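**Q** Have a look at this fold, sequence not included:
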């Protein structure tokens, strides 16, 4: 595994779906509280280095309705808007960037690409819930746009520990670099 160095002038932290609805579910293999705590540590370090911190949430009442075999079923009644808000424990601060998406990945239908490129970012450190939905979709979309990614294993979790393990052992190493919270904290300059 190559040594990791992250230039804070070219690196952004993107936190996926740390919103009230997702931090309240049971996650595996890491509890949501651990994912949030590690994400907050990273956000504090990125801010201290002057690097962009981007919170991405999904609007659960405006989720893109596509023809699929297993649709994302939220019911027919509107959900409370607070479920789509960033959880207070996730540490959103004035000066952070907030984006709202309508589907799994954070690039499609948002201005995330422009937000990053306008700041000279070429590398994205990625955390969030859920590993196999928002996190993986964002990494796949972003690599197609030319961004490099570092996905933080202990700052991500899913609804299924086996799917999380598969993503980190088989998928992510082919798309990006996989590291821990502490490895990224040590690599940020």
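**A** Received the coordinates, thanks. No experiment lies behind these values; they were computed from the predicted model shown.

**Q** What residues of stretch 140-159 count as buried?
**A** 140-142, 147-159 (16 or more other Cβ atoms under 10 Å). C-beta here means a position set from N, CA and C on the backbone, and glycine is covered the same way.

**Q** Just the ones in strands from those residues, please.
**A** The strands, defined by DSSP state E, take in 148, 149, 150, 151, 152, 153, 154, 155, 156, 157 from the buried residues of stretch 140-159.

**Q** If the second one is in a bridge, with which residues?
**A** Partner residues in beta bridges with residue 149, using DSSP bridges, are residue 124.

**Q** which residues touch it?
**A** 123, 124, 125, 126, 139, 142, 143, 175, 176, 177 (Cβ atoms under 8 Å, 6 or more residues apart in numbering).

**Q** dump the residue contacts of the closest residue to the fourth one other than its chain neighbours.
**A** What that stands for is residue 126. Leaving aside its chain neighbours, residue 126 sits nearest to residue 151 (4.9 Å; criterion: Cβ to Cβ, 6 or more residues apart in numbering). Residue 151 makes contact with 125, 126, 127, 135, 139, 168, 172, 176, 177, 178, 179, according to Cβ under 8 Å, 6+ apart.

**Q** Sketch out the low-pLDDT regions of the protein for me.
**A** Along the chain, the parts satisfying pLDDT under 70 run over 1, 63-68, 71-76.

**Q** So which other helices or strands are in contact with the longest helix out of those in it?
**A** Counting residues, the longest helix found in the chain (DSSP state H) is helix 32-48. Under the contact definition 3 or more Cβ pairs under 8 Å, 6 or more residues apart in numbering; DSSP states H and E, helix 32-48 sits against strand 11-16, helix 20-23, strand 53-58, strand 123-129, strand 148-157, helix 181-187.

**Q** how about the closest residue to residue 183 other than its chain neighbours, what does it touch?
**A** Closest residue in space to residue 183, ignoring its immediate chain neighbours: residue 4 at 6.1 Å, by Cβ to Cβ, 6+ apart. Residue 4 is in contact with 150, 177, 179, 183, 184, 187, counting by Cβ under 8 Å, 6+ apart.

**Q** correct me, but the first one touches residue 188?
**A** No - under the criterion of Cβ atoms under 8 Å, residue 150 is not in contact with residue 188, lying 10.3 Å apart.

**Q** so how far is residue 120 from the closest residue to residue 122 other than its chain neighbours?
**A** Closest residue in space to residue 122, ignoring its immediate chain neighbours: residue 10 at 5.1 Å, by Cβ to Cβ, 6+ apart. Relative to residue 120, residue 10 is positioned 6 Å away (Cβ to Cβ, to the nearest Å).
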